[in-house]
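Student: Sequence plus the predicted model coming up.
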Amino acid sequence: MNKIFLVLVFAGVPLSVIGTLLHWSNIILFVIYCLTIIALAGFMGRATESLAIVAGPRIGGLLNATFGNAVELIISVFALKEGLVGVVLASLTGSVIGNLLLVAGLSFFMGGLKYKRQTYNVFDARHNSGLLMFGVIVAFVIPEVFSMTMNETKTISFSIGISIILIVLYLAALFFKLVTHRGVYQTTENEQHAHEEPEWGKGKAITVLAISTVAVAYVSENLVHTFETVGEAFGWTELFIGVVIVAIVGNAAEHASAIIMAYKNKMDIAVEIAVGSTLQVAMFVAPVLVLISLFFAEPMSLVFTLPELISMVTAVLLMIVISNDGESNWFEGATLLAAYLIMGIGFYLL
Amino acid sequence: MNKIFLVLVFAGVPLSVIGTLLHWSNIILFVIYCLTIIALAGFMGRATESLAIVAGPRIGGLLNATFGNAVELIISVFALKEGLVGVVLASLTGSVIGNLLLVAGLSFFMGGLKYKRQTYNVFDARHNSGLLMFGVIVAFVIPEVFSMTMNETKTISFSIGISIILIVLYLAALFFKLVTHRGVYQTTENEQHAHEEPEWGKGKAITVLAISTVAVAYVSENLVHTFETVGEAFGWTELFIGVVIVAIVGNAAEHASAIIMAYKNKMDIAVEIAVGSTLQVAMFVAPVLVLISLFFAEPMSLVFTLPELISMVTAVLLMIVISNDGESNWFEGATLLAAYLIMGIGFYLL
Amino acid sequence: MNKIFLVLVFAGVPLSVIGTLLHWSNIILFVIYCLTIIALAGFMGRATESLAIVAGPRIGGLLNATFGNAVELIISVFALKEGLVGVVLASLTGSVIGNLLLVAGLSFFMGGLKYKRQTYNVFDARHNSGLLMFGVIVAFVIPEVFSMTMNETKTISFSIGISIILIVLYLAALFFKLVTHRGVYQTTENEQHAHEEPEWGKGKAITVLAISTVAVAYVSENLVHTFETVGEAFGWTELFIGVVIVAIVGNAAEHASAIIMAYKNKMDIAVEIAVGSTLQVAMFVAPVLVLISLFFAEPMSLVFTLPELISMVTAVLLMIVISNDGESNWFEGATLLAAYLIMGIGFYLL
């Protein structure tokens, strides 16, 4: 498995560069880019896991989430620069439902095939439930409803206000987790990880992570330019590409590492990747993009389309109910995947 | 009590047949049919209870739910054949809110008058919460919102896709409960039931169940034809008849057995009947009807009216919050009944 | 602190009377009225706390909630008499989100600065969650959706029906708490309060409470008349004044006493004040106002504007998820306050 990824990376990255320069067919480039990103994501997953062992489960989870969403942030900034506000909102939606339903769903499902009952920190799960309720339901539903009777200027002002509140609360959440309540809700199980040997040393892990991130960013940006041709060839709408394709390829890093963690029964990290990444998208990436968009021609407000909003809201409600007990099994994973499938078909048909 | 039911059945069934053949007044027939069904439901409840003691609480609960919903499925197929899509969606709504609010509400209330605190398996309650969130909120809200901007053909395609996913996940839930995780979340309390004596032997119970089911189906089908006259006489709309009258009479079997179980403090079975029946309607009866409707002139999509959808969504949210702790009391029952009353008045006034 | 309040009351009440009679500038009167009410609320908080120690935490909580909402009820009746239905619905909304997000948020936040983890009775929290789901989500969302296709007369009839059901269930909840299940869900921690010494005796506390309530009512009523001028001067809409200003000043009593209780680590009382007050507004004050409005020219229905309804619904969902574990910390308080801030900005911009 690791060898296949090694070959894919050392073939995929040069091929991506050459193919881009020589303007190969977009369909072929699309396949090369996707495989390369997935292989790079595998490396990122291994590097992050090594760092996670050194840094402990919580910081490890944050690392995973950060290196998954850095790519998204870069792509979204380029898209905003080109005025593609709709695509950015769609890809934010895709990240939220992709992380909550697809990444967590696959983790619960694959982990559950090996272990009958898997547990994770119930305090973290409840803390995350509160943040999901705030970051997605309060912060996204309120502007949707209020903006119905607001003019454009007020909608943008409201979005800026909400964005600042989201970023402040996101930083407060980090402060809570890492400073004032560090270790307060720790369960005993986590200590075990300290005894594990990391695959790579700290230096090598950081180097691999850094190079992979740059490579993923380069390939991802070119990937975006193939979407239009690919969409026409396969009959995919812009919304479907934004919500589903970007989410799957863009979150490949999370997929890879979350499933590896679940398979090793380290559910604390798997859940932290899936839910932590969702929270980072909703409470950090989305509001930062709103603020950055003010420097471009077309500002972005926090007003999604109704199908996008309702997909995120129902995904959050489902996740809160399923993760509330701090336990998972294959069937809970299957339920999340089934919800993702329903939304995926819906966005395909829209 | 049992004697009254015996008299009602042995008088009601012949009277139903004779009255139907002689075309008696629909108002009189309506009363005869309803009493006969309720009496037959009493027999079904006792037969199912006997089988439940033999088969254990979980299979017993499934049996209850199955024999309650078989009647509904048959009536709905006849209704679809006549193109009454609106009535079928209304009766599905009525089954969902009727089982969640009226059946569970009466069980909690009546059981709570006798016992201060009644407990049921908290693992099952949480498992059911996840399924309710998926089967009602995700699977019914998403097509409602997405279909707003879809044409007729795409709405039907989307409904077919969701229906297949619902049926597959429903079968997966059975596989999870009965095969991979059988006994994993068992609480000790359930073992006690094994020591009880069933009222009837396995053979007699199955015979009574089979004959009662056939009789209920016959009477129910005729009952449907009286609705128009009765509706005009009492000023009931088609929606009110579908949501309230069909739900109360059609779920009489569940009512009877769930309340009997609650009164005997077997809350595991009572909750399994109420919530299990809801899940069977949402995740099996509804999608099967969508697929069957494709063979008829007018296909049925999974798009309810907004009052129907919001009633189901709020009923599910209320049930999840109330059942989350694995405990019930008379006041929780009263709350569910009050919610049912509000929705009932709403459908009456619509 | 107590001395400042004493000075404020003995200066504020006479100044309020004199200023009102001499028709001082509304802006100046607004400031005098607000400070006087807040100072009076401080006295009410101390008196209520004394009574709470004598009467036990639960009755004490009810006392707090009652003496906070008596003021609101009186103001609202005067407003209904003048046909200001929109202002009354806005102030009901403001009370619900103000108590759930601002009062509970400040209690959790301030208490959390002193204590790392604060606990309260988890049975009460779940009981309250069920009531919030019923009293706000079922009882307010259903008439909103159903009334879309109802005429005026039916909407009023539906509101009357729901109001009677709400009042009956509210009385049933009191009967449940104080009679049938008194002490059933008691946690051991509460007994400690019995050993505390009340600041004032029963007689003095009741006298202070009675006089303060009358004074608050007098000042509040005059305060309402300054809103129009103040709104014009500061650019506040009627909706913003109803939802935000009335909620903050009108619930100052709850604010004061809930925060004092949280600071003394008596979270049972703090939560009882915040959530109990919300429930009293939704299940008692609102339906009583609907019934009283029938005697006036313009009847009030239970149909809020969509921003009002969605604010209350998301506030309730957030509170249920956050309070579900019977624990609080400063970050949970910050989350509730952030949600209040988002809604406040929204109503300001509307």
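Tutor: Nice, thanks for sending it over.

Student: quick one: A:Ile28 and A:Phe5, what's the gap?
Tutor: From A:Ile28 across to A:Phe5, the span is 21 Å (Cβ to Cβ, to the nearest Å). From N, CA and C alone the C-beta is placed, and that goes for glycine too.

Student: before we move on, what about A:Ile310?
Tutor: As judged by Cβ to Cβ, A:Ile310 and A:Phe5 stand 37 Å apart.

Student: for A:Ser25, same thing?
Tutor: Taking Cβ to Cβ, one finds A:Ser25 at 25 Å from A:Phe5.

Student: between these two, who's got more neighbours?
Tutor: Using other Cβ atoms under 10 Å in any protein chain shown, the more surrounded residue of A:Ser25 and A:Phe5 is A:Phe5, with 20 against 12.

Student: Please name the nearest non-neighbouring residue to that one.
Tutor: Spatially, and ignoring its direct neighbours in sequence, A:Phe5 is nearest to A:Gly42 (4.1 Å; Cβ to Cβ, 6 or more residues apart in numbering or on different chains).

Student: and if you look at A:Thr278?
Tutor: Per Cβ to Cβ, 6+ apart, closest to A:Thr278 is A:Asn99, 4.3 Å.

Student: How many residues are close by that neighbour?
Tutor: Using other Cβ under 10 Å, A:Asn99 is surrounded by 31 other residues.

Student: Go ahead and confirm it touches A:Ala282.
Tutor: No - checked against Cβ atoms under 8 Å, the pair A:Asn99 and A:Ala282 is beyond contact range at 9.7 Å.

Student: ok, how many other residues are close to the residue of the stretch 251-350 of chain A found nearest chain C?
Tutor: Residue nearest to chain C within the stretch 251-350 of chain A: A:Ile320 (6.3 Å; Cβ to the nearest Cβ). A:Ile320 has 26 neighbouring residues, counting by other Cβ under 10 Å.

Student: Next, the buried residues of the host helix or strand of it.
Tutor: Assessed by DSSP states H and E, A:Ile320 sits inside helix A:306-323. Neighbour-count burial for helix A:306-323, counted by 16 or more other Cβ atoms under 10 Å in any protein chain shown, picks out A:307-323.

Student: what is the rounded mean pLDDT of it?
Tutor: Helix A:306-323 shows a mean pLDDT of 95.

Student: and the next element down the chain from that helix?
Tutor: In N-to-C order, the element after helix A:306-323 by DSSP H and E is strand A:327-328.

Student: Residues in contact with that following strand: which ones?
Tutor: Here strand A:327-328 makes contact (Cβ atoms under 8 Å, 6 or more residues apart in numbering or on different chains) with A:Ser107, A:Phe108, A:Gly111, A:Gly112, A:Arg117, A:Gln118, A:Thr119, A:Tyr120, A:Met267, A:Ile322.

Student: most surrounded residue in those residues?
Tutor: Ranked by neighbour count (other Cβ under 10 Å), the contacts of strand A:327-328 have A:Phe108 at the top, with 31 neighbours.

Student: so is that residue in a helix, a strand, or just coil?
Tutor: In three-state terms, and counting by DSSP: H, G, I helix; E, B strand; the rest coil, A:Phe108 is helix.

Student: Pretty sure it sits against A:Glu332.
Tutor: Yes - assessed by Cβ under 8 Å, A:Phe108 is found in contact with A:Glu332 at 5.0 Å.

Student: Contact partners for the residue of the stretch 51-200 of chain A found nearest chain B?
Tutor: Chain B sits closest to A:Lys116 of the stretch 51-200 of chain A, with a gap of 6.1 Å, by Cβ to the nearest Cβ. Going by Cβ under 8 Å, 6+ apart, A:Lys116 touches A:Asn329, B:Thr180, B:His181, B:Val184.

Student: where does it land in three-state SS?
Tutor: A:Lys116 is classified as coil under three-state DSSP.

Student: And it, how close does it get to C:Ile162?
Tutor: In this view, A:Lys116 and C:Ile162 are 46 Å apart by Cβ to Cβ.

Student: quick one: the strands in chain A?
Tutor: A:118-119, A:327-328 (DSSP state E).

Student: how about JSON lines for the ones you listed, with mean pLDDT and distance to A:Leu223 added?
Tutor: Shown next, in JSON lines, are those (pLDDT from 0 to 100; distance: least, Cβ to Cβ, whole Å):
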{"stretch": "strand A:118-119", "mean pLDDT": "87", "distance to A:Leu223": "34"}
{"stretch": "strand A:327-328", "mean pLDDT": "88", "distance to A:Leu223": "32"}
